[in-house]
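A.B. asks: Need coordinates for the below:
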Amino acid sequence: MAHVLTDLPLEQLHEYRPALPEPDDLDAFWADTLAEARAAATAPTLAPVAAPVRALTVHDVTFTGFGGDEIRAWVVRPHGTEPLPAVVEFIGYGGGRGLPGERVNWAAAGYVQVVMDTRGQGSGWSHGDTPDPHGSAAAFPGVMTRGIRDPRDYYYRRLITDAVRLVDEVRAMEGVDATRIAVTGVSQGGGLALAAAALSGDAVAAVLPDVPFLCDFPKAIVRTPLPPFTEITRYLSVHRDDAAAVLRTLSYIDGAVLARRIAAPAYFSVGLMDDIVLPSGVFAAFHNVASEDAAIEVYPYNGHEGGGYRHFLRQVAWLDARFGLG
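C.D. replies: Residues are numbered from 1 along each chain as shown. Predicted structure coming up:
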């Protein structure tokens with residue numbers, strides 16, 4: 001943690017609205033991508049898992065994401081079959097879905113909790129089970145630059161498609177109230193939550209991005225001192241003629257651009273001492289959300305850990321109020 005402010009003063013962050021470029025074919029790009037994935041989809045499989053969380057039921061799920069690739073997830077819920085609201089959770093950079101029963105906080109609060117595995121990650125700090133079977137041209141270590149010269153080849157096109165496809169499947173799951181589905185995640189997971197909310201239409205009824213990554217790329221790749229944004233900086237320091245193509249690719253997945261398409265209630269968090277995700281990127285996305293029901297929780301003395309469990313308590317109260325729980 002930086003222990004100092006890493007970005008603009010709070011009063012300037014409240015006014016920060018960068019003019020981020022949006023590709024003319026952005027909506028068509030994602031409509032075509034998702035149509036291809038849905039056309040290749042097969043029915044998901046759910047298998048019960050023995051886990052030491054006896055007050056909850058855990059299922060191992062396999063569903064099809066980008067290109068018909070098999071993606072893994074956990075579904076954790078209170079015992080019973082009555083329809084409950086669901087929270088779909090996406091994981092931070094380098095992590096995977098973890099072990100069965102490892103992530104149960106939303107299920108313990110009375111929701112169906114669905115935890116998506118992250119293709120090609122899951123070995124940095126949390127266990128994963130899903131490979132990314134697609135190759136890449138020359139790239140800097142990590143996933144940030146895989147296929148970055150072309151938006152159709154870019155790693156995050158695949159991962160975002162997985163996230164939207166999971167929302168599709170959760171909406172159809174037995175025991176889920178399809179009118180009350182929220183998406184959430186921390187860091188990369190927060191960026192995926194923004195993308196899933198933006199691209200899933202009215203399937204997402206609320207979005208809760210914590211210190212969301214993948215936002216405001218033009219500033220982030222030149223001002224952020226720590227990885228993962230610096231993977232792109234290092235790549236461009238070698239591939240000196242690729243900047244225009246790289247920035248064009250990033251504009252298709254930038255959470256602050258996609259946020260313009262979010263009409264659902266939104267509850268953000270930001271740490272003003274964050275040196276992994278600059279606060280200005282979070283505010284850029286927050287200010288672009290189209291919903292009238294949008295709020296941001298500011299943690300002035302925290303870094304990328306944000307509000308931690310204290311913020312989770314606030315999230316539960318916020319979502320309970322919108323979904324009629326509690």
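
A.B. asks: shaky segments in the stretch 1-150 of the chain?
C.D. replies: Along the stretch 1-150 of the chain, segments meeting pLDDT under 70 span 1-2.

A.B. asks: Do a quick rundown of the strands in it.
C.D. replies: 45-48, 56-64, 70-78, 84-90, 112-116 (DSSP state E, counting those that start in this stretch).

A.B. asks: So which of those is nearest Asp254?
C.D. replies: Nearest to Asp254 among those is strand 84-90 (16.4 Å), distances taken as CB to CB. Just so you know, the C-beta spots here come from the backbone N, C-alpha and C atoms, and that holds for glycine as well.

A.B. asks: can you list contacts of that closest one?
C.D. replies: Here strand 84-90 makes contact (CB atoms under 8 Å, 6 or more residues apart in numbering) with 77-78, 103, 106, 110-116, 118, 163, 166-167, 170, 173, 175-177, 180-185, 188-190, 192-193, 196, 319, 323, 325.

A.B. asks: about what we covered before: between the strands of the stretch 1-150 of the chain, which gets nearest to Asp27?
C.D. replies: Comparing the strands of the stretch 1-150 of the chain by CB to CB, strand 84-90 comes nearest, at 22.0 Å.

A.B. asks: burial measure for Phe268, as a count.
C.D. replies: A count of nearby residues for Phe268, using other CB atoms under 10 Å, gives 24.

A.B. asks: Could you check how far the helix or strand containing Ala295 is from the centre of its chain?
C.D. replies: Element membership for Ala295, per DSSP states H and E: strand 294-299. Averaging C-alpha positions (CA atoms, centre = their mean, to the nearest Å) puts strand 294-299 17 Å from its chain's average.

A.B. asks: CA atoms only: put that strand into CSV for me.
C.D. replies: This file holds the C-alpha atoms of strand 294-299, laid out as CSV (Å, rounded to 0.1, in the frame of the first residue of the first chain):
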residue,chain,number,x,y,z
ALA,A,294,-25.3,5.2,-8.4
ALA,A,295,-23.0,5.7,-5.4
ILE,A,296,-19.3,5.5,-4.6
GLU,A,297,-17.8,4.7,-1.2
VAL,A,298,-14.5,6.5,-0.7
TYR,A,299,-11.8,5.0,1.6
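
A.B. asks: Name every strand pairing with that strand and say which way it goes.
C.D. replies: When pairing is defined by DSSP bridges, strand 294-299 lines up against strand 266-271 (parallel).

A.B. asks: for the partner strand, which positions count as buried?
C.D. replies: 266-271 (16 or more other CB atoms under 10 Å).

A.B. asks: mind checking the longest strand of the chain?
C.D. replies: When secondary structure is assigned using DSSP state E, the longest strand within the chain turns out to be strand 176-186.

A.B. asks: in the stretch 1-150 of the chain, which spans are helices?
C.D. replies: Taking DSSP state H, counting those that start in this stretch to define them, one finds helices in the stretch 1-150 of the chain at 10-13, 26-39, 105-108.

A.B. asks: again, but for the stretch 151-300 of the chain
C.D. replies: With DSSP H, counting those that start in this stretch as the criterion, the stretch 151-300 of the chain has helices at 155-172, 188-199, 217-223, 229-238, 243-251, 255-258, 279-288.

A.B. asks: Other residues contacting the last one?
C.D. replies: Meaning helix 279-288. 6-8, 13-14, 16-18, 20, 194, 209, 211-213, 215-216, 219-220, 255-257, 259-260, 266, 268-272, 294, 296.

A.B. asks: pull the CA atoms of that helix into PDB?
C.D. replies: C-alpha atoms of helix 279-288 as PDB (Å, rounded to 0.1, in the frame of the first residue of the first chain):
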ATOM      1  CA  PRO A 279      -8.700   6.400  -8.100                       C
ATOM      2  CA  SER A 280      -9.200   8.500 -11.200                       C
ATOM      3  CA  GLY A 281     -10.000   5.400 -13.300                       C
ATOM      4  CA  VAL A 282     -12.600   4.300 -10.800                       C
ATOM      5  CA  PHE A 283     -14.200   7.800 -10.800                       C
ATOM      6  CA  ALA A 284     -14.100   7.800 -14.700                       C
ATOM      7  CA  ALA A 285     -16.200   4.700 -14.700                       C
ATOM      8  CA  PHE A 286     -18.500   5.800 -11.900                       C
ATOM      9  CA  HIS A 287     -19.200   9.200 -13.600                       C
ATOM     10  CA  ASN A 288     -20.100   7.400 -16.900                       C
END
